[in-house]
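K.L.:
sequence unknown, structure follows:
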């Protein structure tokens, strides 16, 4: 996943408007738990109306990942204080 994010970033450094690379980097970042960065990419992608349904679906996945992360942190902290 990290390699996919790096490759997409390389493409975006040459072509900042490349929507396919932006989408792929967002997906890779979600997979790497870089949720804030993924959200930034998705917001950039949302500026184009044709991407609206795609972005909504990815934002739902992102929201689920945030819940999973919060639950994981909560469990870790509970174990620390037992």
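P.N.:
Arrived safely. It should be emphasised that the depicted structure is a prediction, and the values quoted were computed from it without experimental measurement.

K.L.:
could you show me where the helices are in the protein, in order?
P.N.:
Ranges of helices within the chain are 2-14, 19-31, 35-45, 52-80, based on DSSP state H.

K.L.:
what's in contact with stretch 63-81?
P.N.:
Stretch 63-81 is touched from outside by 30, 33, 35, with contacts defined as C-beta atoms under 8 Å, 6 or more residues apart in numbering. C-betas here are computed from N, CA, C, even on glycine.

K.L.:
Not counting sequence-adjacent ones, nearest residue to the most centrally placed residue in the chain?
P.N.:
With distances taken as C-alpha atoms, centre = their mean, residue 38 lies nearest the centre of the chain, 2.6 Å away. Ranked by C-beta to C-beta, 6 or more residues apart in numbering and with sequence neighbours excluded, the top spatial neighbour of residue 38 is residue 29, at 3.8 Å.

K.L.:
my read: the one you found touches residue 22, true?
P.N.:
No - counting by C-beta atoms under 8 Å, residue 22 is not a contact partner of residue 29; they are 10.6 Å apart.

K.L.:
Find residues that contact each of these two.
P.N.:
Residues touching both residue 29 and residue 22 (C-beta under 8 Å, 6+ apart) are residue 41.

K.L.:
before we move on, the earlier item: the residue nearest to residue 38 and residue 74, how far apart?
P.N.:
Noted for residue 29: a distance of 23 Å to residue 74, by C-beta to C-beta, to the nearest Å.

K.L.:
Compare those two (neighbour count), which wins?
P.N.:
Neighbour count, other C-beta atoms under 10 Å: between residue 29 and residue 74, residue 29 has more, with 25 against 10.

K.L.:
Surely residue 8 is in contact with residue 24?
P.N.:
Yes - the criterion here is C-beta under 8 Å, and residue 8 meets it with residue 24 at 4.7 Å.
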